[in-house]
Every structure is written in C-alpha cells, then in structure tokens.
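1. Starting from these lines, generate the structure:
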Amino acid sequence: MTPKPPFAPVILGVDDEAGALQLLERIFRADACEFVAAPGGAAALEVLRRREVDLVISDLDMPGMSGIDLLEHIRREDWDVDVMIVTGHATVQNAVECMRRSTLDFVEKPYDPGELRRRAREILKRRLLRREHGEMRAARDSAGPQLIGASKPMQDLRDLARRVAPAEEVVLILGESGTGKELVARAIHAQGPRAAEPFLAVDCTTLSASVVESELFGHVKGAFTGAEAGRTGLFQAAGRGTIFLDEIGDFPVELQPRLLRALQEREVRPVGSNKPEKFQARVLAATHRDLAALVKAGKFREDLFWRINVVELRIPPLRERREDVLELARHFVRKYDASREGARTIDAAAAKALEGHDWPGNVRELENTIRRMLVLYPDTMVVEGLAPSSATAPPAPAASMTDWEKTAIRSAIAASRGNMTQAARSLGVSKSTLYRKMKEYGLGEPTQS
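-> I've put the predicted structure just below:
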C-alpha cells in the first residue's frame, strides 16, 4: 500500500504591495509548504476557485476589494480555508469586525516574522488535527452507522438515507420509540459531505421553554440573571456539521416561531442580542408523534410542520420486518460478547421465541433482551446458542417472552442470593422496575436490599 503523503499546506498571501508578498514568501520558504501570491482580493478569489488552500494571509486595506470583503466572499462560498488578516491600521473596530466574520487571527503591522510564522503554524497545526480526525472517522465509519436488515422496508430506508445525505434540506425522520431514529440521522450525516464535522443531538423532551433559547441560540453576557459570560448556542456550535432535533414534536409551542425563523433565515439571534448571526449546520429532525394531529390540536405550528417536513423518512417498527430480528439479534450478540473467543450462536428454540415476539419496544427492546441473556447465562450460552443448559433452562421452544422474563428474574435473584440491588443491576433494570415485574408476575414480595 502506498503511504499517504504528509500534510503539505498551501498558504495564499494576498497584498497589493509586491514587497509585502515577497516578505511573506521568505518567511514561509523554510517550511514544508507551498506559497502562492495574489496581488489583490480578486486575484485571490481566482486562486481559491481553482485549487484548495489551507491558509489565507491577507492585508486588510487594499484597493478594490479589502481583506474584509475577501473574507466575506470566502464565508459566502463556504470554502474550507482558514484566514489570517494583517494590517498596518489596526483598530478595535477592525478587530471586532474580523472576529465577527470568523477570522482566525488578526495581526498588526509591522509584525515580527518569527511571531507571524509561529501563529500561522498554530493555525495549520489545528487544521491538520481536524483533517486527521476526519480521516479517522471516515475510516472507522466508512459505510456510516449500520442500518441492519435485509427486509424490503430496510432496503428502501437505506436507499432513501443515501439519496438525501448529500442534500442541504431538512429531513424529518418518523418512527416509534426504539426504532433507531438517531441512528438513521447519524447514517445520513456520515454519508454526506459533512461527515468529518460535528454531529450534535438535541433531545427536545428535556428542553424547557426557560432554557431552550439559550441552549439552541446562545446568549450574550448579562442577558439574564446568572449570565456571567456569553454562550454559543448549539446551532452555531455545530459549525458546518449537523444538528439533530430529536423528538421535535415536544418542542415548546411558545418558542416554535423562533425555531421557524431560524430555519427559514438560516440565522439565530442570541438571547440579549439584537444582532442575528448566521449558522451553517444542516438540520435533521425526528419524532415518534403524529405531527399532523398535533397541528390540528394547536400544539404544533402548521408553518413549522411544513418547514421541517421537506423530506419525510419513515422507519418501520420491528414487528413489520420480523425477518430482520435474527440478524439484529446476532449483531447484538457479537457487539456485547466481544470478550469471548468465537461467536455464540442462536439455536432454533431461541430463534423461534425471538421471531414470535411483537417487540413493542422495537430494536431497543431487542438489544436489551440480548444483553440480559448474555449477563444471565455467561457460561452456558456458548456454541449451542442463547438458551441455557437444561439445569437452568428457561421454558422450551414455545415459551413466551413473559416466561423468559420470569425465569431471568428468578435466576438473577438466586445468583445474587436475594440481593435486589445486584439482581436489578445484572438484569440491566432499575430496582423499581424489578419490583414492579415481580409483583406483575406473582413472584413473591421483594426484599428491600
């Protein structure tokens, strides 16, 4: 395999003075980088349209197109390039303007060549780390998160996820709880051009109206009592990545107009600020609720519904694709049984019980079931399958999942010698859930331990 070439950054110097460009070229000549000179903003744009550049070092005051104008063009075109502004007329206003437009550095002339070189190296070092992080993620998730299943509904789902991945529009992911809506959102993100950028998931069920504005849109210092420092909202923190609004049907009604405006204008206004700020992230949303019914009930804005429902993607419940159950079960066995040499198999009895269950909790319920089985029968579930040995066997092939749960609870209590805390932990449930199940199945009065 041919080794990957080392990072050889390309630096674009922009200045209307030839002497200044010559000085920049001398400064970076000793570094393992390529220096390209442009005698003005227009010439710089021509270079950026033709090739990839890692760092632009531009003068601020130039005839025709200033450094600020050049920076504005770069951000409007969404080019992946870092920018350093150099000027002989440094003012607070200029510095603030450059920072507002996301300039990485602002240097005053006359500058020390060694200091300029050091600061440029820091920018390029961070850029290299970002690139390596993106490459590692791409290698690890080359196919994106796995959407498992050979059924026709899953084939259609994978195909649609692949088709919408390169787009910029909002995708609304619909599905019952436990079907894997966030997994599908991550797959869309991983297959698109933003794969190396952040993926931020927001659970709208946990956001109250009092905090949602600051959480999503940010706030400035002093915006409210306790705001001792400014905060960047998640829409901007996502950068050029993806923000995933999970369970958007629970988004506070009184703040839905602000969300609608943010999506329409591609900008947010931090709490306490009068100045809107653009964001670049793509937005994905999901819900298990019937949004059309919520609109009729006055609990969800109709205009927001149509804004987020540009592309609709439905995840089928597990009971509608039973042919995928065993494939998913085997996947979870491999995932959670990694410490054991060789893969355990699922025998016919276990397979019949798994396929015969309706899985009201969908994939999440199946995953937790497999995890419990692996914990409860660590020594007997080897090659023969997931069913334990005859000595501690759960009910035979036709056994229901209720019978399995009863047996699992009895085994966990026996193994922990009646310690309910340990039994609940081994089952992967809370003590209150364990007590409720014992009462439901008539398994006796739990001891308070």
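2. Show me the strands in the stretch 101-250 of the chain, by range?
-> 105-108, 171-174, 199-203, 218-219, 231-232, 242-246 (DSSP state E, counting those that start in this stretch).
3. Out of those strands, which gets nearest to Arg119?
-> Closest approach to Arg119 among the strands of the stretch 101-250 of the chain (C-beta to C-beta): strand 105-108, 5.6 Å. (C-beta placed from N, C-alpha, C; glycine too.)
4. Tell me the strands beside that closest one, with direction?
-> strand 82-87 (parallel) (DSSP bridges).
5. could you give the mean pLDDT of the strand it pairs with?
-> Confidence over strand 82-87 (mean pLDDT, whole number) is 86.
6. Closest to the centroid, which residue in this protein?
-> Phe199 (2.3 Å; C-alpha atoms, centre = their mean).
7. need the contact list for it.
-> 185-186, 189, 238, 241-242, 244 (C-beta atoms under 8 Å, 6 or more residues apart in numbering).
8. Check Ala237 too.
-> For Ala237, the contact set (C-beta under 8 Å, 6+ apart) comprises 198, 200.
9. 7 Å instead, please
-> Taking C-beta atoms under 7 Å, 6 or more residues apart in numbering as the contact definition, Ala237 lies against Leu200.
10. I'd assumed Met420 was in contact with Lys431.
-> Yes. Applying C-beta atoms under 7 Å, one finds Lys431 in contact with Met420, separated by 5.8 Å.
11. Which one's more surrounded, those two?
-> Neighbour comparison, Lys431 and Met420: the larger count goes to Met420, with 18 against 15 (by other C-beta atoms under 10 Å).
12. Verify the contact between the more buried one and Lys437 for me.
-> No. When contacts are counted by C-beta under 7 Å, Met420 is not listed as touching Lys437 (11.5 Å).
13. from the contacts of Phe199, which has minimum pLDDT?
-> Minimum confidence in the contacts of Phe199 sits at Ala238, scoring 88.
14. just checking, that residue touches Ala281?
-> Yes. In this structure Ala238 lies within contact range of Ala281 using C-beta under 7 Å: 3.7 Å.
15. Identify the contacts common to these two.
-> When C-beta under 7 Å, 6+ apart defines a contact, no residue borders Ala238 and Ala281 alike.
16. Count the residues that sit near the residue nearest to Ala223 when sequence neighbours are not counted.
-> Across the structure, with C-beta to C-beta, 6 or more residues apart in numbering as the measure, the residue nearest Ala223 apart from its sequence neighbours is Gly272 (2.7 Å). Gly272 has 16 neighbours, counted by other C-beta under 10 Å.
17. any idea how far Gly272 is from Asp78?
-> Applying C-beta to C-beta, to the nearest Å, the value for Gly272 to Asp78 is 28 Å.
18. for Ala292, same thing?
-> Note on Ala292: its distance to Asp78, by C-beta to C-beta, is 34 Å.
19. Looking at those two, which has the bigger crowd around it?
-> Higher neighbour count among Ala292 and Asp78: Ala292, with 12 against 8, using other C-beta under 10 Å.
20. which SSE is that one in?
-> For Ala292, the host element (DSSP states H and E) is helix 291-296.
21. Determine the set of other helices and strands touching that helix.
-> Under the contact criterion of 3 or more C-beta pairs under 7 Å, 6 or more residues apart in numbering; DSSP states H and E, the helices and strands touching helix 291-296 comprise helix 302-308.
22. packing partners for the helix it packs on?
-> With contacts taken as 3+ C-beta pairs under 7 Å, 6+ apart, helix 302-308 sits against helix 256-265, helix 291-296.
23. Report all helices and strands that the helix or strand following that helix contacts.
-> Downstream of helix 302-308, the next assigned helix or strand under DSSP H and E is strand 311-314. Based on contacts counted as 3+ C-beta pairs under 7 Å, 6+ apart, the elements that strand 311-314 packs against are helix 152-164, strand 171-174.
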